[in-house]
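Enquirer: 3D model of this:
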Amino acid sequence: MPFILLKPFEFRDIMQRFLKYYWLSLIFISFLFTLFISGTRNCAAHEISSAYRLGPEDVVVISILAGGEEQVTKDMVVGANGHVNVPFIGKIKAAGLTMEALEKAIIRPLEKDYFVAPQVHLHIKEYQSLQFFISGAVKNPGKYALNFIPTIMDLIAKAGGVMPERGNLAYILRGVADRKITDSDIKESISKKEPMKVDLLKLLDEGNMSGNIKLKSGDTVYIPLGTKLNQTTTKVYVQGKVKSPGVLDYQPGMTALSACIMAGGFAKFSAANRAIIIRQTQNGTKTIKLNLDKVISGDLPDLPLKPGDRIHIPESWL
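Expert: Numbering: from 1, shown residues only. You can find the predicted model right below:
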């Protein structure tokens, strides 16, 4: 292939053309990337605002259109009493409402007393009630006010990550917010109701994202220390006439019958109708008698267990 020698002005002309098209390509790619990011953010913002329920100090922008003209655009702040001051109408209860519900609540009085076929557009300018809590084996436990709905991994990252001695389960609790959360508070909540659980071995150690669930505003994530999970106070003991008597890890929501099933079920000649649960309380030892035969038949409610409970299934007299 023959070597072509370019004259200086020809080389300069080619380089100028190359640089021109190179920069035009970069500008075009940057423009497309900006559109993509903007669209992604808008979709995320719409996802939040459509499900989000307003709370105190949230800022909502309202635009009212009627007769083909914009009548007013204004910021509305949700007050401590939960109301917003709507143009033309006055105070309306907003706390606890979604944006769609608030829009309907505003349109009705506008149509009745002020405008023909008004249009109301709302969007959230500032989230103040989008709060999440994390406690336990993380570097910076506490309350986090965010402007997006996080996953459990997002919240763990905000809290500086987990501590090396963390346990293998995370608990997600609802209804324990708006106060200072302690480990004892959360353990009490775990014993009273069934929280959502996330397997941190799969999520953090194996990278299995199926457990990376999206949180709800007000959620508390609790990650116990691994040492605490191994204490005997987190165990349930099943003894007597079951197929595999022994020690079980306590799980929130565990009942007397479910513990017996986890222990292999009832053995031959067991007297499930005379089951005994021994429980340690602040006042001493408490003995609870339970007819598990009637629990199985549906004639009696099952007994929710607490950590440290001992279940004894006696032998049948026959």
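
Enquirer: Only C-alpha atoms from now on, for both contacts and neighbour counts.
Expert: OK.

Enquirer: count of residues packed around Asp302?
Expert: Neighbourhood size, Asp302 [other CA atoms under 10 Å]: 18.

Enquirer: ok, it - contacts?
Expert: Thr255, Ala256, Leu257, Leu292, Val295 (CA atoms under 8 Å, 6 or more residues apart in numbering).

Enquirer: Now the spatially most central residue of the chain: closest residue in space that isn't a chain neighbour?
Expert: Nearest residue to the geometric centre of the chain (CA atoms, centre = their mean): Leu215, 1.9 Å. Closest residue in space to Leu215, ignoring its immediate chain neighbours: Thr151 at 5.5 Å, by CA to CA, 6 or more residues apart in numbering.

Enquirer: Distance check, that neighbour against Lys202.
Expert: Going from Thr151 to Lys202 by CA to CA, to the nearest Å gives 15 Å.

Enquirer: Likewise for Glu69?
Expert: 56 Å.

Enquirer: So what would you say the end-to-end distance of stretch 52-61 is?
Expert: Span of stretch 52-61 from end to end, CA to CA: 15 Å.

Enquirer: Please give the centre-to-centre distance between that stretch and its chain.
Expert: Averaging C-alpha positions (CA atoms, centre = their mean, to the nearest Å) puts stretch 52-61 19 Å from its chain's average.

Enquirer: Secondary structure class of Ala95, three-state.
Expert: Put simply, Ala95 is coil when judged by DSSP: H, G, I helix; E, B strand; the rest coil.

Enquirer: so it sits right up against Glu57, yeah?
Expert: No: in this structure, Ala95 is not within contact of Glu57 by CA atoms under 8 Å, at 9.7 Å.

Enquirer: Where do the domain boundaries of this protein fall?
Expert: As given by automatic domain parsing, the domain ranges for the chain are 18-47, 59-126, 132-229, 232-313.

Enquirer: Tell me which of the ones you listed sits nearest to Arg53.
Expert: domain 59-126 (4.6 Å; CA to CA).

Enquirer: Can you give me the end-to-end span of the closest one?
Expert: End-to-end distance of domain 59-126 (CA to CA): 5 Å.

Enquirer: okay, and the helix or strand of the chain with the least pLDDT?
Expert: Taking mean pLDDT, DSSP states H and E as the measure, helix 8-51 is the helix or strand of the chain with the lowest mean score, a mean of 53.

Enquirer: next helix or strand past it?
Expert: strand 59-66 (DSSP states H and E).

Enquirer: Remind me what the helix or strand just after that following strand packs against, helices and strands.
Expert: Counting by DSSP H and E, the next helix or strand C-terminal to strand 59-66 is strand 69-77. Using 3 or more CA pairs under 8 Å, 6 or more residues apart in numbering; DSSP states H and E, the elements in contact with strand 69-77 are strand 59-66, strand 83-86.

Enquirer: who wins for proximity to Leu155 among the ones you listed?
Expert: strand 59-66 (23.5 Å).

Enquirer: contacting residues around the closest one?
Expert: By CA under 8 Å, 6+ apart, the surrounding residues in contact with strand 59-66 are 70-78, 115-128.
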